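# Make a model of this:
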Amino acid sequence: MLKILTSKNRFVRYWLPPLIWALVIFVFSSLPSIKASNIYWKEFFIKKSGHMVEYGIFTVLLYRAFLNYLKDEKKAGLYSTLMSSFYGASDEFHQLFTPGREPTVRDFLFDSLGSILAILIIWKVINASQKLKNFGTRLELIKKGVL
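As a prediction, this is how the structure comes out:
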């Protein structure tokens with residue numbers, strides 16, 4: 001019984017956030033498109049940045065969930081990027097049936113780019129923190145006179 005509760009807690013802690021975020025993306029995708037600006041490049045920048053940020057957040061949440069189960073940073077990054085990109089493709093397909101919306105390959109590419117950038121940033125942060133930890137360990141060894 002305790003193992004089941006732990007399993008449920010893990011699901012709620014790690015998988016519920018990306019599921020909720022996927023629902024948020026779906027809801028916003030179901031709304032008619034809004035005009036962001038009278039100047040095309042501003043509208044383009046705002047909307048495409050939004051795509052990248054929303055799918056970057058989704059990827060980070062998926063990465064966290066996959067990492068908890070897989071314990072492998074590379075696989076977690078790959079799976080979360082693929083799942084996020086697949087969800088972006090399905091979101092564009094969903095827009096075929098949404099009045100006032102229009103699916104585009106360009107939006108899918110920006111969704112995927114946001115996913116890829118999120119994983120690259122995560123991996124850079126992990127790598128930097130490992131280097132900092134190793135540097136700290138070396139400093140401690142030098143301080144103790146071992147090195």
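
# alpha carbons only for contacts and neighbour counts from here, please
Noted.

# now the helices for the protein?
Using DSSP state H, the helices of the chain run over 2-10, 16-30, 40-70, 73-94, 105-143.

# Just put these in JSON lines and tack on mean neighbour count and mean pLDDT.
Below are the helices of the chain laid out as JSON lines (neighbours: other CA atoms under 10 Å; pLDDT from 0 to 100):
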{"stretch": "helix 2-10", "mean neighbour count": "11", "mean pLDDT": "69"}
{"stretch": "helix 16-30", "mean neighbour count": "15", "mean pLDDT": "96"}
{"stretch": "helix 40-70", "mean neighbour count": "19", "mean pLDDT": "91"}
{"stretch": "helix 73-94", "mean neighbour count": "20", "mean pLDDT": "97"}
{"stretch": "helix 105-143", "mean neighbour count": "16", "mean pLDDT": "87"}
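
# quick one: the closest residue to Val105 other than its chain neighbours and Val53, what's the gap?
Nearest-residue entry for Val105: Glu92, 7.9 Å, with adjacent residues in sequence omitted and distances by CA to CA, 6 or more residues apart in numbering. As judged by CA to CA, to the nearest Å, Glu92 and Val53 stand 16 Å apart.

# Equivalent analysis for Phe26, please.
From Phe26 to Val53 the distance is 15 Å (CA to CA).

# Next: Ser33.
Here the distance between Ser33 and Val53 works out to 17 Å (CA to CA).

# CA atoms of stretch 102-111 as CSV?
Extracted C-alpha coordinates of stretch 102-111, given in CSV (Å, rounded to 0.1, in the frame of the first residue of the first chain):
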residue,chain,number,x,y,z
GLU,A,102,-4.5,28.5,-38.9
PRO,A,103,-1.9,25.7,-38.5
THR,A,104,1.6,26.5,-39.9
VAL,A,105,4.8,24.5,-40.2
ARG,A,106,6.6,27.7,-39.1
ASP,A,107,4.8,27.6,-35.7
PHE,A,108,5.8,24.0,-35.3
LEU,A,109,9.4,24.8,-36.0
PHE,A,110,9.4,27.6,-33.4
ASP,A,111,7.8,25.2,-30.9
